[in-house]
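Student: Take this sequence and fold it.
(4 chains)
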Protein chains: 2
Amino acid sequence: MSQDGAGIDLGTSLGYLLKETSSALRTAMEEVLRPLEMSVTHYSCLELLAQRPGLSNSELARGAFVTRQTMNVLLQALERDGDVTRPARAPVGKVLPTRLTPRGRRRLEKASAAVRSVEVRMLAGLTEAERSDATRILRNMIHSLRGDGA
Amino acid sequence: MSQDGAGIDLGTSLGYLLKETSSALRTAMEEVLRPLEMSVTHYSCLELLAQRPGLSNSELARGAFVTRQTMNVLLQALERDGDVTRPARAPVGKVLPTRLTPRGRRRLEKASAAVRSVEVRMLAGLTEAERSDATRILRNMIHSLRGDGA
DNA sequence: TGACTCATGTCAGGATTCTGACATAGATTC
DNA sequence: GAATCTATGTCAGAATCCTGACATGAGTCA
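Tutor: Numbering: from 1, shown residues only, chains lettered A, B, ... in the order given. Below is the predicted model of the structure:
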């Protein structure tokens, strides 16, 4: 049952637990976004644009953890629906700065409230100290995984 | 930049940080599994079978956080490659208990070592106390997200 | 100036995963 | 015992995402 030298005990593995938590969070987000006819990637893109207007396709892709090809088709759909706008020609280089339309901003407000309620629920059982612990620990993990200087 | 009442600050959101960590972990796992010609879902399935032999298709799907249809096509591929075996007829009900073959066990050993090295790297900067904190906090989040009694 | 490198936007094709649907076996209820 | 409910395995089609590839624009360097 426990580690026998050649396996990972999924019951105690932090990696597995991380995936489990992430999966539960994604499922919860999908549930509250479905009534708004919006996917998680959809929402991530709009939220990124609200905080940093003018982000390019590639930058949005990195922020939403997908490839720029995937983000591109998503942006085309959002553009067609009138949630975002992109200039026809790049003002400088090839980068097309994307911006939310008023319609996109309205849709985002509802989605953002829904997602915030999920995050509140997720953190309900944690103290303020535990939340800051979690932030510090997760940032440490990311740092180590990306292999900075190690 | 900070919370203006209608958005989630992605720079401080634990939900976003969770997704970022999970994404970094997945990328790191894909990197070390690629030389072994094995995907993450692939590996998850074999690891589950090593710890709990005789698991059914549906149980494996839940353990790997995919649908049973997805797990089914994966099992068919693993069966074709000779990594797992399933009886032609169900001994009881419709449940087909799956087991690792010696070949599957050998492939898993290499993959497991590779994944373990990733997990070690991920936790390298954390104290023992921080690791147990992380475990407790993540379990708490899962519990809250699944909405038990709340 | 010209060659080189890098990042970007975009198109095409393929792989992966999901949703929908169906038949079947066991458990539950009456 | 019959009806109902739930869970399982499986097939088919669709949606999503990725890999590969190409042309273009900006920065670097000789």
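Student: Around DNA strand C, which positions in chain A sit nearby?
Tutor: Taking CB under 7 Å from any atom of the strand as the criterion, chain A approaches DNA strand C at residues A:56-59, A:68-69, A:72, A:75, A:90, A:93-96. In this view, the C-beta of every residue, glycine as well, is placed from N, C-alpha and C.
Student: which one of those residues is nearest B:Leu49?
Tutor: Set against B:Leu49, the nearest of the residues of chain A next to DNA strand C by CB to CB is A:Gln69 (34.3 Å).
Student: Show me what counts as buried in the host helix or strand of the closest one.
Tutor: Here A:Gln69 sits within helix A:68-80, counting by DSSP states H and E. By 16 or more other CB atoms under 10 Å in any protein chain shown, the buried positions in helix A:68-80 come out as A:Met71, A:Asn72, A:Leu74, A:Leu75, A:Leu78.
Student: May I have the strands that pair with the helix or strand just after it, each with its orientation?
Tutor: Downstream of helix A:68-80, the first helix or strand assigned by DSSP H and E is strand A:84-85. Here strand A:84-85 is paired, per DSSP bridges, with strand A:99-100 (antiparallel).
Student: Grab the longest helix from chain A for me.
Tutor: Longest helix of chain A, by residue count under DSSP state H: helix A:102-123.
Student: Direction-wise, compare it with helix A:68-80 and give the angle.
Tutor: Helix A:102-123 runs at 120 degrees relative to helix A:68-80, counting by axes from the mean of the first three to the mean of the last three CA atoms, to 10 degrees.
Student: Quick check: mean pLDDT of helix A:102-123?
Tutor: For helix A:102-123, mean pLDDT is 95.
Student: Right, and chain B sits closest to which residue of chain A?
Tutor: Ranked by CB to the nearest CB, the top residue of chain A for proximity to chain B is A:Ser22, at 3.8 Å.
Student: what sits against that residue?
Tutor: B:Leu18, B:Lys19, B:Thr21, B:Ser22 (CB atoms under 8 Å, 6 or more residues apart in numbering or on different chains).
Student: Out of the residues you listed, which is nearest to DNA strand C?
Tutor: Here the nearest of the contacts of A:Ser22 to DNA strand C, counting by CB to the nearest atom of the strand, is B:Ser22; it sits at 14.2 Å.
Student: do you know how far the closest one is from DNA strand D?
Tutor: For B:Ser22, the distance to DNA strand D equals 13 Å [CB to the nearest atom of the strand, to the nearest Å].
Student: host element of that residue?
Tutor: Counting by DSSP H and E, B:Ser22 is part of helix B:14-33.
Student: Look at A:Gly5 and report its pLDDT.
Tutor: 52.
Student: Next secondary structure after the longest helix of chain A?
Tutor: Next along from helix A:102-123, by DSSP H and E: helix A:128-145.
Student: Give me the angle between that next one and helix A:14-33.
Tutor: Relative orientation of helix A:128-145 and helix A:14-33, computed by the same axes, to 10 degrees: 110 degrees.
Student: Is there any residue in helix A:128-145 that contacts chain B?
Tutor: Yes: judged by CB under 8 Å from any CB of the partner chain, helix A:128-145 and chain B are in contact via A:130-131, A:133-135, A:137-145.
Student: on that earlier part again, quick one: is the helix holding A:Gln69 near chain B?
Tutor: No: under the criterion of CB under 8 Å from any CB, helix A:68-80 makes no contact with chain B; the nearest approach is 13.5 Å.
Student: Which strands or helices does that helix pack on?
Tutor: helix A:40-51, helix A:57-64, strand A:84-85 (3 or more CB pairs under 8 Å, 6 or more residues apart in numbering or on different chains; DSSP states H and E).
Student: Using CSV, lay out the ones you listed together with mean pLDDT and mean neighbour count.
Tutor: Below are the helices and strands packed on helix A:68-80 laid out as CSV (pLDDT from 0 to 100; neighbours: other CB atoms under 10 Å in any protein chain shown):
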stretch, mean pLDDT, mean neighbour count
helix A:40-51, 96, 21
helix A:57-64, 97, 19
strand A:84-85, 96, 18
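Student: got the buried residues for the longest helix of chain A?
Tutor: A:104-105, A:107-108, A:111-112, A:114-116, A:118-119, A:121-123.
Student: Which ones among those also lie next to chain B?
Tutor: A:Leu108, A:Ser112, A:Val115, A:Arg116, A:Val118, A:Glu119, A:Arg121, A:Met122, A:Leu123.
Student: so the first one sits right up against A:Ala50, yeah?
Tutor: Yes: distance between A:Leu108 and A:Ala50: 5.8 Å, which falls inside the contact criterion (CB atoms under 8 Å).
Student: Many thanks, have a good one.
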